[in-house]
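Engineer: The following comprises the amino acid sequence and a computationally predicted model.
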Amino acid sequence: EAHKIQLAEKIQLDPTPRVQVIGRVMRQAKQKNMLFVRLRDGTGYMQCLLAGDLANTYHAQTLTLESSILIKGQLKAVPSDHDAPMDRELHADYFEIIGKAPGGEDAITNKVQMNGDAQTLLDMRHLALRNEAISSVLYVRQAVEHAFATKYWELDFVKVSPPALVQTQVEGGSTLFEFDYYNEKAYLTQSSQLYLETAIPSFGNVYCIEKSFRAEKSLTRRHLSEYTHIEGELDFITFDDLLTHLEDLMCGVLSIVLAHPRTASMIKKLNPDFTMPERPFKRMKYSDAIQWLNEHDIKNEDDQPHVFGDDIAEAAERKMTDIINKPIFLTHFPTEIKAFYMQKDPQDPRVTESVDCLMPGVGEIIGGSMRMDNYEELMEAYTRNGIPSEPYYWYTDLRRYGTSPHGGYGLGLERFLAWLCKQHTVRDTCLFPRYMGRCKP
Ligand code: 4AD
Ligand code: MG
């Protein structure tokens, strides 16, 4: 009987036992009396050789790409010029087709053309996922998620799971997905921040990795309707502590990810020029960024020079990050262009203790701030922003029952990955991206 192994298993080749593998055909090459089949099973790849009578069977002759197949035989070492994964080949003495994939017009290569148009490729994403480059981004994704959990564990952060169905907004009414909740108005959450704030009095520093939802009515390289939001909230800190924590978190996560050989080799392939960011990250105040943009003749959305109070739009932000070409902490944004809950800078009340972390190629990947911790100031902030305070009674209460200087941030996992894996758009970092106009497959 053959011993069942996974394709990536590093078993002794000499003396070689009879083994059995299962996988899908990702490549095949026919020669006289020989059929080379490259299999994939998620753990790795293996070259298999069907020779002689086996190669001439009906099923071998009609084998199609992406068919699932079981093969038994002996593993042999082969010279490296055979281009076989791990320089080994399975010399088959038996095979059976488990699920035959269509050939001809319906062959996967006709359905999914990797250099075809992006929309068709997205319609066919359920099949395109089998592509090596596409799936390697998703492999790195789960490694990154795991690394965040590991780093948070190391830092003694407690993980909580806030709700996705809520009745409060966090980041402005214009991107809320609203729905009917048993005859009451409710929303899909934009951020778990307010709920993380409720948890710090019990647990100290907390984090969550949850979906956030934004009804973004624009099509850009970095906006999704549903994205994975990694959020942290820290109690009894200063703004400077928040920035230091963010550097530590980012570098810690990258170290964990790069210490894992399979993930590191995928990142190397996807983004050959990737280098570990240097600490401390560059820090730049919003007002200095405005000046920097004007010095570099980068205009605002109305094609005018930037003035204090302007939003730094995606295009301008990207130009700036690409020129500076390293991580930037952009800090101290004006109160009017930031969310209601942000703490004002005690030195300059026109601005907030806020930070965006910008990365080359993507721009903003993190948004964070210190939180307004004074009851009266928060009540004024609701009024100023036209937000009815009643639904926020639980958030406001936090300022009444033992308030504290605290702050936190949200990191968009897809944007982090677009940066790390050098992807043109965040759409390529999701299993099935959701954005305006796309909710399938
Ligand atoms: O800057 P944002 O809106 O900040 C918040 O939601 C805070 N309440 C987070 C917090 O302090 N706990 O979003 C945070 C990050 C952005 O920097 C970006 O990486 C990502 O979330 N993000 C999106 N990613 C993909 N598609 C979208 N539509 C996104 N909107 C925000
Ligand atoms: Mg933001």
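Structural biologist: Done, it's in. Ligands and ions are numbered 1, 2, ... in the order given.

Engineer: C-alpha from now on. contacts and neighbour counts both.
Structural biologist: Noted.

Engineer: Do you know the pLDDT at residue 1?
Structural biologist: Looking at residue 1, its pLDDT stands at 81.

Engineer: next one: residue 218
Structural biologist: 88.

Engineer: doesn't it fall inside a helix?
Structural biologist: No: according to DSSP: H, G, I helix; E, B strand; the rest coil, the state of residue 218 is coil, so it is not within a helix.

Engineer: Roughly how far does it sit from ligand 1?
Structural biologist: Distance, residue 218 to ligand 1, using CA to the nearest ligand atom, to the nearest Å: 9 Å.

Engineer: That residue contacts residue 436, correct?
Structural biologist: Yes: using CA atoms under 8 Å, residue 218 makes contact with residue 436 at a distance of 7.0 Å.

Engineer: Which of those two has more residues huddled nearby?
Structural biologist: Neighbour count, other CA atoms under 10 Å: between residue 218 and residue 436, residue 436 has more, with 15 against 11.

Engineer: OK, contacts around that one?
Structural biologist: 215-219, 224-225 (CA atoms under 8 Å, 6 or more residues apart in numbering).

Engineer: let's see 10 Å
Structural biologist: 214-220, 223-225 (CA atoms under 10 Å, 6 or more residues apart in numbering).

Engineer: Over to residue 337?
Structural biologist: 309-312, 351-352.

Engineer: can you count the residues close to residue 302?
Structural biologist: 7.

Engineer: actually residue 163, not the one I wrote
Structural biologist: Using other CA under 10 Å: residue 163 sits among 13 other residues.

Engineer: So what does it have for phi and psi?
Structural biologist: Note on residue 163: its backbone torsions stand at phi -70, psi 150 [degrees, to the nearest 10].

Engineer: Let me see the contact set for it.
Structural biologist: By CA under 10 Å, 6+ apart, the neighbours of residue 163 are 188-189, 191-192, 195, 210-211.

Engineer: got the residues of this protein near ligand 1?
Structural biologist: Within the chain, the positions adjacent to ligand 1 are 170-171, 191, 193, 214, 216, 222-225, 227, 229, 231, 364-368, 408-412, 415 by CA under 6 Å from any ligand atom.

Engineer: mind listing which of these are in helices?
Structural biologist: 193, 415 (DSSP state H).

Engineer: host element of residue 373?
Structural biologist: Taking DSSP states H and E as the definition, one finds residue 373 inside no helix or strand.

Engineer: Look up how far ligand 1 lies from it.
Structural biologist: Going from residue 373 to ligand 1 by CA to the nearest ligand atom gives 14 Å.

Engineer: Using neighbour counts, trim the contacts of residue 436 to the buried set.
Structural biologist: Among these, the ones that count as buried by 16 or more other CA atoms under 10 Å are 214-216, 223-225.

Engineer: Out of those, give me the two with the largest separation.
Structural biologist: Greatest spatial distance among the buried ones among the contacts of residue 436 (CA to CA): 215 and 223, at 9.5 Å.

Engineer: So which residues of the stretch 101-250 of the chain form strands?
Structural biologist: Residue ranges of the strands in the stretch 101-250 of the chain, as given by DSSP state E, counting those that start in this stretch, are 158-159, 165-166, 177-181, 184-188, 206-213, 226-235.
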